[in-house]
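Novice: Sequence plus the predicted model coming up.
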Amino acid sequence: MSNNGLRPVIRIIKENCVSCHRCIMACPVKMCNNGVGDVVEFNSDLCIGCGECIHACSHNARIGIDDFDTFLQALKAGTKIVAIVAPAIAASFGGDYLKVNGFLKKLGVKALFDVSFGAELTVKSYLAYRHKKHPPLIISQPCPTLVTFIEMYRPELIPYLAPADSPMMHTMKMIKKYYPQYASHKIAAISPCYSKRREFDAVGIGDYNVTFKSIQDYLDRTKDRISQYESLPYDNPPAERAVLFSTPGGLMRTIERYDRDVASYTRKIEGSPEVYDYLARLGKTMQNKKTPMYSLVDCLNCRMGCNGGPATTARGKHIDELEESVEKRSVTARAHYGNTKGYKRPLGKGKLEKLLNDYWEEGLYDRSYTDRSAIFKRLVKFPSRQEIQGLFLKMYKKGPKDILDCGSCGYVNCEQMAVAIINGLNKPENCRHFIEIQKKMINEQHKQEIEHTITTVYGHTLDEMHKSIEGIGSLSSNINETAVSVQNSSTAVEQMVQNIRSIYENLEHNAQTVLKLNASSVEGKNRISEIGGLIAEVAIQSDALIEACKVIGDIADETSVLGMNAAIEAAHAGDAIGKGFAVVAGEIRKLATNSGHQAEEIAKSLNNIKALIDNSTKSSLQAQEQFDLIVSLVDSVKNEEGTIKNAVETQNNGSQQVIQAMHDVNGLIAKIKNESAALLVSGNAVIEHIQSLKQTL
Ligand code: SF4
Ligand code: SF4
Ligand code: SF4
């Protein structure tokens, strides 16, 4: 609750504010805003809760506060709640407005009451007051924003506020008095307006202000649609044409039922700033004790009445679209009471009148108001003309031409802005004129600085520029020479690389040959080794044969000795026997002699062969040694070749990199060449510009 007994109904989301000051422009009371900082803040003590800044702010930095969340929590906690529904419901929910009742019932609301019937009771209270007291002026008070405005900013009008409750308060008091079963229930007002909550605080009845917008936001959040719910009637009697109360002039059109001439003494006015200007002038009229032109003021804060209230879903809708459902409803409501063709009845007659009498009682719906102007007077001081003039001078406002009254700061005119600045609610930097003058001064200062710079440039830099241009010219020709020599080097390196490549290819070829040679040498070595093995075997066998020949020789010698002995014996044996025996012995000796000879010959041959074999063995061993030498030589050739190949390969790769680098250098040189040429051109252009700049001074 604020110092003024008024709870905040608007809040600011600072991070969204871009300090555009549209909220100040839209605000009918201005001084509740503070534009000194980077965001426009506001003082709830001075805010009348009109919600104009919510509509004006396209950055969603101002939003309304209602009781939707606590209402939901209370229902979930089992709190017994009845709801009263404002007539503007038909504008926000169209033909589905009775389905809102279904939605509320589903949430757990116990009963539903139509505030339009409360509006009928309100009209009855107004007319009763008018007939009884004959006041010079009655200002209607269904709009809590306008009531707060009068209480805080136009207290001189408080005596003229209708001393009767609003339709919502009539409905709430009616429930308490005539519906005892709900007398202890909490009451939620389903409303199009954030400032309604302040009325509950002022009167002391009403527990939750639940706005249409919050209901729609909830449905959107839960991906629900109102059309899904059941249409449910209200629990109180239906209204007649007071269903029009949410539309501008609704009060007047309801009174018309009783008084055809109501328009002749009624001022219908709504919307900011018109209604506020009107009330300001009306205050002066009443202070001056003049008779007002109209004795009844049917006024609302919002341009489209409560149908387009700040907490409705009406934003962006056309006024006809908003009023269509309300008008249709009024036709049905009139038909219910038999008033089909705008038929007017005298007060106190008919079915509706009987009903109203049942729910009305003198004094029950009386309302009083509080003068809240002290806090405004305390917080906002009205400076003297001198103070304003003094501030104007600080804002470079030296004459009438400087008082633009353009409204860019958000205030109605320069004087109002001056009042805000003197009260610490704004700053000169937010004045368009101030900014323009400062801009000019800064421009003048910059101009002088620029002139000074140009003169310096002309005097000192031009020479330097010429020198630079010359330098760039000679750099250009040096670059050309460098480009030629780099090109030549590049060609030579490429040739060298070509040679290295062919050496590499030859080495590659040699490597293949060496590999083959190596394979052949190893093969030869293996073969020689095999032959050596065979020769050794033959030598062993030759040794065995020589040994066999010796045995044969020894046998032949023994045989010869035996043959000799036989011949001797044959000589002893006589001619007959000995002769034959001697022949045999002789033959044996011959045979033995021949065998011995043969064995000798064979042994000789074998010894010769053995000598040859030994020679072969020696030769094959030597050949084997030679092959070993060849293989090791081939190996070292192979290794050397590999080393050379690697070296050549490394050199080849390195050379490729050298070529790439040379190419890069070539590209770079070409680029430098182009850029130095462009530099030459732009340097000359700079000189021309400096010269022409100097001429313009
Ligand atoms: S309208 Fe006001 S609150 Fe919104 S961005 Fe502009 S200055 Fe900030
Ligand atoms: S709600 Fe109305 S009075 Fe309050 S700051 Fe916004 S525009 Fe001003
Ligand atoms: S000239 Fe400055 S102070 Fe005057 S209305 Fe324009 S912006 Fe506001």
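Specialist: In hand now; what should we look at? Ligands and ions are numbered 1, 2, ... in the order given.

Novice: what helices or strands is the helix or strand that contains Ile613 leaning on?
Specialist: Using DSSP states H and E, Ile613 sits in helix 575-696. With contacts taken as 3 or more Cβ pairs under 8 Å, 6 or more residues apart in numbering; DSSP states H and E, helix 575-696 sits against helix 432-456, helix 462-572. For every residue, glycine as well, the C-beta is placed using N, CA and C.

Novice: counting contacts, what elements does the last one pack onto?
Specialist: Right, the one you point to is helix 462-572. Using 3+ Cβ pairs under 8 Å, 6+ apart: helix 462-572 touches helix 575-696.

Novice: ok, back up a step: now do the helix holding Ile613: distance to the chain's middle.
Specialist: With Cα atoms, centre = their mean, to the nearest Å as the basis, helix 575-696 stands 71 Å off its chain's centre.

Novice: Equivalent analysis for stretch 138-155, please.
Specialist: Using Cα atoms, centre = their mean, the offset of stretch 138-155 from its chain centre is 46 Å.

Novice: which regions of the stretch 501-650 of the chain lie under the pLDDT threshold?
Specialist: 574, 576-577 (pLDDT under 70).

Novice: likewise the chain?
Specialist: In the chain (pLDDT under 70), the answer is 1-4, 339-349, 457, 461, 574, 576-577, 690, 693-694, 696-697.

Novice: Let me see the domain layout of it.
Specialist: Using automatic domain parsing, the domain ranges for the chain come out as 1-65, 66-379, 385-427, 434-696.

Novice: do the first one and ligand 1 meet?
Specialist: Translated: domain 1-65. Yes - Domain 1-65 is in contact with ligand 1 by Cβ under 6 Å from any ligand atom, via 17-23, 39-40, 56-57, 59, 61-62.

Novice: before we move on, the earlier item: tell me which of the helices and strands packed on helix 575-696 approaches ligand 1 most closely.
Specialist: Closest of those to ligand 1 is helix 432-456, at 15.4 Å (criterion: Cβ to the nearest ligand atom).

Novice: and the protein, which residues reach ligand 2?
Specialist: Contact residues, the chain versus ligand 2 (Cβ under 6 Å from any ligand atom): 10, 26-27, 29, 32, 42, 47-53.

Novice: Please name the residues that touch Ser373.
Specialist: By Cβ atoms under 8 Å, 6 or more residues apart in numbering, the contact set of Ser373 is Glu151, Met152, Tyr153, Pro155.

Novice: Contact residues of this structure facing ligand 1?
Specialist: So the chain meets ligand 1 at 17-23, 39-40, 56-57, 59, 61-62 (Cβ under 6 Å from any ligand atom).

Novice: Drop anything exposed from these.
Specialist: Cys17, His21, Arg22, Cys23, Val39, Val40, Ala56, Cys57, Ala61, Arg62 (16 or more other Cβ atoms under 10 Å).

Novice: Of the residues you listed, which pair is most distant in space?
Specialist: Spatial extent of those (Cβ to Cβ) is set by the pair Val39 and Ala56 at 14.7 Å.

Novice: Could you grab the helix/strand/coil label for Ile63?
Specialist: strand (DSSP: H, G, I helix; E, B strand; the rest coil).

Novice: gap between it and ligand 3?
Specialist: Going from Ile63 to ligand 3 by Cβ to the nearest ligand atom, to the nearest Å gives 27 Å.

Novice: Kindly report the same for Gly309.
Specialist: In this view, Gly309 and ligand 3 are 29 Å apart by Cβ to the nearest ligand atom.

Novice: And the closest residue in space to Asn684 that isn't next to it in sequence, how far from Ala678?
Specialist: Distances taken as Cβ to Cβ, 6 or more residues apart in numbering put Ile469 closest to Asn684, at 6.5 Å, once the chain neighbours are dropped. Counting by Cβ to Cβ, to the nearest Å, the separation of Ile469 from Ala678 is 12 Å.

Novice: Quick check on the two: which one has the bigger neighbour count.
Specialist: Ile469 (17 against 11; other Cβ atoms under 10 Å).

Novice: mind listing what the more buried one touches?
Specialist: Contacts of Ile469 (Cβ under 8 Å, 6+ apart): Leu680, Gly683, Asn684, Ile687.

Novice: what's the neighbour count on the third one?
Specialist: The number of residues packed near Asn684 is 14, by other Cβ under 10 Å.

Novice: Whichever residue of the stretch 101-250 of the chain sits closest to ligand 1: which element?
Specialist: Nearest to ligand 1, among the residues of the stretch 101-250 of the chain, is Tyr194, at 15.5 Å (Cβ to the nearest ligand atom). In the assignment (DSSP H and E), Tyr194 maps to no helix and no strand.

Novice: I figured it hits Pro8, correct?
Specialist: No - judged on Cβ atoms under 8 Å, Tyr194 makes no contact with Pro8 at a distance of 9.5 Å.

Novice: ok, Pro180 to Ile205 distance?
Specialist: For Pro180, the distance to Ile205 - Cβ to Cβ - is 15 Å.

Novice: same question, Gly563
Specialist: 172 Å.

Novice: who's more crowded, these two?
Specialist: Gly563 (21 against 18).

Novice: Would you check how far apart that one and ligand 3 are?
Specialist: Distance, Gly563 to ligand 3, using Cβ to the nearest ligand atom: 166 Å.

Novice: Pretty sure Ile190 sits in a strand.
Specialist: Yes - counting by three-state DSSP, Ile190 is part of a strand.

Novice: The closest residue to it other than its chain neighbours: what's it in contact with?
Specialist: The shortest distance from Ile190 to any non-neighbouring residue, by Cβ to Cβ, 6+ apart, is to Val85 (4.4 Å). Taking Cβ under 8 Å, 6+ apart, we find Val85 in contact with Val100, Asn101, Leu112, Phe113, Asp114, Val115, Ile190, Tyr234.

Novice: Among the residues you listed, which one lies nearest to ligand 2?
Specialist: Ile190 (20.6 Å).

Novice: which residues of the stretch 251-400 of the chain fall in helices?
Specialist: 274-287, 319-336, 350-358, 373-379, 385-394 (DSSP state H, counting those that start in this stretch).

Novice: Any idea which of those gets closest to Gln438?
Specialist: It is, among the helices of the stretch 251-400 of the chain and with distance given as Cβ to Cβ, helix 385-394, at 11.8 Å.

Novice: Ala188: how many residues sit nearby?
Specialist: 27.

Novice: for the spatially closest residue to it that is not a sequence neighbour, what are its contacts?
Specialist: With sequence-adjacent residues excluded and distances taken as Cβ to Cβ, 6+ apart, Ala188 is closest to Tyr208, at 4.0 Å. Contact analysis of Tyr208 by Cβ under 8 Å, 6+ apart lists Asp67, Phe68, Thr70, Phe71, Ala74, Ile81, Lys186, Ile187, Ala188, Ala189.

Novice: Just among the residues you listed, which is most surrounded?
Specialist: Neighbour counts for the contacts of Tyr208 peak at Ala189, which has 29 neighbours (criterion: other Cβ under 10 Å).

Novice: ok, that one to Leu462 distance?
Specialist: Taken as Cβ to Cβ, the span from Ala189 to Leu462 is 80 Å.

Novice: With Ile568 instead?
Specialist: Noted for Ile568: a distance of 154 Å to Leu462, by Cβ to Cβ.

Novice: returning to that earlier point: what residues are bridge-paired with the residue nearest to Ile190?
Specialist: Assessed by DSSP bridges, Val85 has beta-bridge partners Asp114, Ile190.

Novice: got the contact list for Phe245?
Specialist: Pro87, Val115, Ser116, Ala119, Thr122, Pro142, Pro167, Leu251, Thr254, Cys306.

Novice: at 6 Å instead, please
Specialist: Pro87, Ala119, Pro167 (Cβ atoms under 6 Å, 6 or more residues apart in numbering).

Novice: for the residues you listed, which one is nearest Asp575?
Specialist: Nearest to Asp575 out of the contacts of Phe245 is Pro87 (Cβ to Cβ; 186.7 Å).

Novice: The closest one: how many residues sit nearby?
Specialist: 31.

Novice: Wait, it touches Ser246, no?
Specialist: Yes - Pro87 lies in contact with Ser246 (Cβ atoms under 6 Å); the separation is 4.3 Å.
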